[in-house]
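J.: Sequence below, structure please.
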Amino acid sequence: MRGISIVVPAFNSAGTLDALAGRVFRTLRFMGVKFELILVNDGSSDQTWEVIQTLVSRNDWVIGINLSQNFGQHNALLCGIDLAQFETCVTLDDDLQYPPEEIPNLTDRLGHGYELVYGVPIISGHSSAKRLGGSIARTFALHCLFIRTSRTISAFRAFRTNLREGFGKVSGPFVSLDALLNQETRAVGIVKIKHERRLNKESNYNFIKLAELSLTMLRGFKPQIFLMIMILVLSTAALGIGVSLKYSFDSVQNAYRGIQDISQVAPGVVSFVTLSFIFIIFARYLIKIYLKYPSMAPYVIQEKLTHPLKK
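T.: Predicted coordinates for the structure are as follows:
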């Protein structure tokens, strides 16, 4: 169906959704197209769901989805995309750093032979730490995943909704929307856009989450490389455990025989054991991503709300 579906993952964004909905409405009404705004509440702990309920009750173009728990940004996006009814999908963050007024620029670009278009900030409004983390993630994607579009990937996307038909059956808690989209099309374009300051909320991404996203993209784009890394880490962990046990046993035995003082060997024992423990945790994490909990759904909808006139 001709029109635009705007998908917004919402997490603790009670203070921004009303302004976001208003700006989306004014922008899409000016474009003169049919549209819907799909707000996916991803396990928020504030009044986000209550705000979404109010927006749905007042606007027949707003759809509210309440997930059963926090599944993560990309999982929430996948949920909204699965429910989109129009031929074009646009993903937008809930903090208004990506201005809704830039949506026409992305959708216009789709009409020039592209199936996926990213909005790339001219000047980033992110903090220095977030820019550094994002830069590391993009560099990782470029040099380790050989994704030529990695430097242009952003959370502001416009794409043909029918690309979702190639996603197949997505399972498990680790989802990378960009991996799914870039596997379906090579016709990827960019549009330079302005980037505003975050409105009334802190970023939900930290270094650990960015690392998790990078590993998830690696799992999606290059499963063979991911498997090789996982085997290498597992082997290193196993070797570390063996060396730690032998070193610890020999050190304690030497201390007992009076060859060494226990206070001298204790730091070495602790260091070896700690390093092995870190490798074990990392290996377990990699295995979890690799297996992706195949029996677990990427999201679970607790409630779906539409305007009373649409029921």
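J.: Pretty sure residue 153 sits against residue 178.
T.: Yes - in terms of Cβ atoms under 8 Å, residue 153 counts as a neighbour of residue 178; the distance is 5.2 Å. Every residue, glycine included, has its C-beta placed from N, CA and C.
J.: In the chain, what helix or strand scores lowest on average pLDDT?
T.: Scoring the helices and strands of the chain by mean pLDDT, DSSP states H and E places helix 128-143 at the bottom, with a mean of 50.
J.: right, and the helix or strand after it?
T.: strand 157-160 (DSSP states H and E).
J.: Can you list the strands that that following strand pairs with?
T.: Using DSSP bridges, strand 157-160 pairs in its sheet with strand 88-91 (antiparallel), strand 116-121 (antiparallel).
J.: Please work out which of the ones you listed is packed deepest.
T.: Highest mean neighbour count among the strands paired with strand 157-160 (mean count of other Cβ atoms under 10 Å): strand 88-91, with a mean of 25.
J.: Now do stretch 39-53, average pLDDT.
T.: Mean per-residue pLDDT for stretch 39-53: 96.
J.: And for stretch 91-106?
T.: 94.
J.: List the buried residues in that stretch.
T.: Judged by neighbour count using 16 or more other Cβ atoms under 10 Å, the buried positions of stretch 91-106 are 91-100, 102-104, 106.
J.: For residue 297, state which of these is nearest.
T.: Nearest to residue 297, judged by Cβ to Cβ, of the buried residues of stretch 91-106 is residue 91 at 20.2 Å.
J.: what's the helix or strand for residue 192?
T.: Going by DSSP H and E, residue 192 is in strand 188-193.
J.: Quick check: neighbours of that strand in the sheet, parallel or antiparallel?
T.: Here, using DSSP bridges, strand 188-193 pairs with strand 116-121 (parallel).
J.: how about the CA coordinates for the strand it pairs with, as PDB?
T.: Extracted in PDB, the C-alpha atoms of strand 116-121 (Å, rounded to 0.1, in the frame of the first residue of the first chain):
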ATOM      1  CA  LEU A 116      17.800   1.600   1.400                       C
ATOM      2  CA  VAL A 117      18.800   5.200   2.400                       C
ATOM      3  CA  TYR A 118      20.600   6.300   5.500                       C
ATOM      4  CA  GLY A 119      20.500   9.800   7.000                       C
ATOM      5  CA  VAL A 120      24.100  10.800   7.800                       C
ATOM      6  CA  PRO A 121      24.600  13.800  10.100                       C
END
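J.: Sweet, I'm off.
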